[in-house]
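Chemist: Everything below, folded, please.
(one chain, ligands or ions: 2)
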Amino acid sequence: MPELAYPLASLTHHPTPTVVTVGSVQIGEGCPVVVMAGPCSVESREQTLTTARAVKALGATVLRGGAYKPSTSPYGFQGLGIEALEILAEAKAETGLPIITEVMDPRRVELVCGYADILQIGTRNMQNYDLLREVGKTQTAVCLKRGMSASLAEWLQAAEYILLEGNPNVILCERGIRTFETYTRNTLDLAAVAALKSLTHLPVIVDPSQGTGRSALVSALCRGAVAVGADGLLIEVHPAPEQALKDGPQQVTPEGFATLMTELAPIASAVNRGIA
Ligand SMILES: O=C[C@H](O)[C@H](O)COP(=O)(O)O
Ligand SMILES: C=C(OP(=O)(O)O)C(=O)O
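Modeler: Ligands and ions are numbered 1, 2, ... in the order given. Alright, predicted model coming up:
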């Protein structure tokens, strides 16, 4: 893979790790592991505030929640849009947690920037170059998820689009790739996390919820991700996953999240990082 394809993202051209700062949270190599948690989708005020309070009490430092939801079926839940953004703003005001939420449309980047501390680019949009350029024109942190069939070189070149526009605050998120295996929803590629550490200075986080599609596997994959060098985790938590409007099987309950955090702590200590 020619490094010239992504000079700004490459470790050769930028040998010190990038640390992305979001409020009081620092994300990158050498920093404590950042836990971003919350519902897959913002479904209601009560569901979001309940989850935000729970994840904050258990040690998460960033709140996730989808307002604009990518959906394979046009009949599937599409997200509450601006209403959801307003609910996230209320959750942030109450808990102090910065917000990560997805933007899918280049025309909504300005709007979503008014609410988001981290703009999420989902797997389906990793190669939406107009969207990448648009978020690159802001200085808001961007979490760029790996395309479900993207090679590392393609992913790093997508990051390069954002960096080239002048936004240095890019975080990469491994969220699993499509393989022949169907037991898990995706195949979480933890080798990619270790490999990226030798290719790029950008922070790398892992989403074991999308990566496995199975709540029972999320805690183990969180531990694996931190053991191989992930700088953070993106975890879906729902007060009643069986009633979720999207992705119920992969969302852990607040009780499950409590167990996960307890199980994660010794691994974060073992790699000399701790949890943010
Ligand atoms: O939360 C993420 C996506 O919106 C979700 O995984 C899409 O699922 P679908 O492909 O079943 O619509
Ligand atoms: C849509 C999401 O994930 P992905 O793009 O990885 O499918 C999400 O995290 O809400």
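
Chemist: which residues does residue 215 contact?
Modeler: Applying CB atoms under 8 Å, 6 or more residues apart in numbering to residue 215 gives the contacts 209, 241, 249-252, 256. Yep, even glycine has a C-beta here, placed from its N, CA and C like the rest.

Chemist: Show me the shaky parts of this protein.
Modeler: Regions of the chain meeting the criterion pLDDT under 70 cover residues 1-3.

Chemist: list the buried ones in stretch 197-206?
Modeler: Residues of stretch 197-206 classed as buried: 197, 199-206 (neighbour count, 16 or more other CB atoms under 10 Å).

Chemist: quick one: that stretch near ligand 2?
Modeler: No: residues of stretch 197-206 are not located near ligand 2 by CB under 6 Å from any ligand atom, the shortest gap being 10.9 Å.

Chemist: could you pull out the helices for the stretch 51-200 of the chain?
Modeler: All helices of the stretch 51-200 of the chain, identified by DSSP state H, counting those that start in this stretch, fall at 82-95, 109-113, 129-136, 152-164, 190-199.

Chemist: Who are the packing partners of the last one?
Modeler: Helices and strands touching helix 190-199, by 3 or more CB pairs under 8 Å, 6 or more residues apart in numbering; DSSP states H and E, are helix 152-164, strand 170-174, strand 204-206, helix 215-227.

Chemist: Let's have the helices of the stretch 51-200 of the chain in JSON lines, adding distance to ligand 1.
Modeler: Formatted as JSON lines, the helices of the stretch 51-200 of the chain follow (distance: least, CB to the nearest ligand atom, whole Å):
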{"stretch": "helix 82-95", "distance to ligand 1": "13"}
{"stretch": "helix 109-113", "distance to ligand 1": "15"}
{"stretch": "helix 129-136", "distance to ligand 1": "16"}
{"stretch": "helix 152-164", "distance to ligand 1": "18"}
{"stretch": "helix 190-199", "distance to ligand 1": "19"}
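
Chemist: nearest to residue 11, of those helices?
Modeler: Minimum separation from residue 11 across the helices of the stretch 51-200 of the chain (CB to CB) falls at helix 190-199, 6.0 Å.

Chemist: Pull the contacting residues for the residue in the chain that ligand 2 sits nearest to.
Modeler: Closest to ligand 2 within the chain is residue 122: 2.9 Å, counting by CB to the nearest ligand atom. Residues counted as contacts of residue 122 (CB under 8 Å, 6+ apart) are 70, 102, 104, 145.

Chemist: Please identify the nearest residue in space to the third one, excluding sequence neighbours.
Modeler: This means residue 104. residue 68 (5.1 Å; CB to CB, 6 or more residues apart in numbering).

Chemist: gap between the residue lying closest to residue 13 once chain neighbours are set aside and ligand 1?
Modeler: Distances taken as CB to CB, 6+ apart put residue 7 closest to residue 13, at 4.9 Å, once the chain neighbours are dropped. Distance of residue 7 to ligand 1, computed by CB to the nearest ligand atom, to the nearest Å: 32 Å.

Chemist: what do you get for residue 238?
Modeler: Distance from residue 238 to ligand 1, by CB to the nearest ligand atom: 11 Å.

Chemist: was I right about that residue contacting residue 39?
Modeler: Yes: the pair residue 238 / residue 39 is scored as a contact, 5.1 Å apart, by CB atoms under 8 Å.

Chemist: if I look at the two, which residues touch both of them?
Modeler: 47, 51, 244, 251.

Chemist: Count the residues that sit near residue 255.
Modeler: The local packing of residue 255 (other CB atoms under 10 Å) involves 12 other residues.

Chemist: three-state assignment of it?
Modeler: helix (DSSP: H, G, I helix; E, B strand; the rest coil).

Chemist: quick one: contacts for residue 207?
Modeler: Going by CB under 8 Å, 6+ apart, residue 207 touches 145, 173-176, 233-235.
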